[in-house]
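Chemist: have a look; sequence and predicted model below, questions after that.
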Amino acid sequence: MTHIPGLSLFHSFRVSPEDPATVPKARRLLLSVVRGWNLPLADETRDDLGLLASEVIANAVSHTTGPCSVTVRWTGVRLRVEVTDTVAGLPTPRRHELYAESGRGLVLVALLAASWGSTRTATGKVVWFEVAPAPPTADLDRLAS
């Protein structure tokens, strides 16, 4: 699909907390969908997208036994990823010791995402983050010459 500025794109899928390979499968599917949309995202932004999606999906499937879903949408300005689960408690970044083996996911999300947050739903919560395309440099380069 060719990118059309201002066009809103949307894809949603379920993930299974019972499947140990669900996080890498979900990350690959999400990245494949985004690549198919031909969005103006830099390779670095796509790398960040994969990392952030893995963190948020892993949090959802590791803290719930109910269904989880992933929604990715292009708003025409930003790429938004939403992960829903059946746990009502909202996530908060935690302080961990230097050598802790877990607990840094939300810190990464807060550092790398353009914005992020969470909201309670009738059946649990949704955790979301957004990444933004790099500003167009072609126009700036043309103006400089």
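Modeler: Nice, I can see it.

Chemist: show me where the protein has helices.
Modeler: Secondary structure of the chain (DSSP state H): helices at 22-37, 43-62, 105-112, 138-144.

Chemist: how far away is Arg80 from Asp47?
Modeler: 18 Å (CB to CB, to the nearest Å). Yep, even glycine has a C-beta here, placed from its N, CA and C like the rest.

Chemist: which one of the two is surrounded by more residues?
Modeler: Taking neighbours as other CB atoms under 10 Å, Arg80 and Asp47 compare with Arg80 leading, 19 against 13.

Chemist: correct me, but that one touches Phe129?
Modeler: Yes - using CB atoms under 8 Å, Arg80 makes contact with Phe129 at a distance of 7.5 Å.

Chemist: lowest average confidence across the helices of the chain, which one?
Modeler: In terms of mean pLDDT, the lowest-scoring of the helices of the chain is helix 138-144 (a mean of 53).

Chemist: burial of Leu30, as a residue count?
Modeler: Counted with other CB under 10 Å, residues neighbouring Leu30 total 22.

Chemist: correction: the previous question concerned Arg46.
Modeler: Residues lying near Arg46 (other CB under 10 Å) number 16.

Chemist: surely it is in contact with Leu31?
Modeler: Yes - the criterion here is CB under 8 Å, and Arg46 meets it with Leu31 at 6.7 Å.

Chemist: find the nearest non-adjacent residue to Glu55, please.
Modeler: Nearest residue to Glu55, sequence neighbours excluded (CB to CB, 6 or more residues apart in numbering): Gly105, at 3.6 Å.
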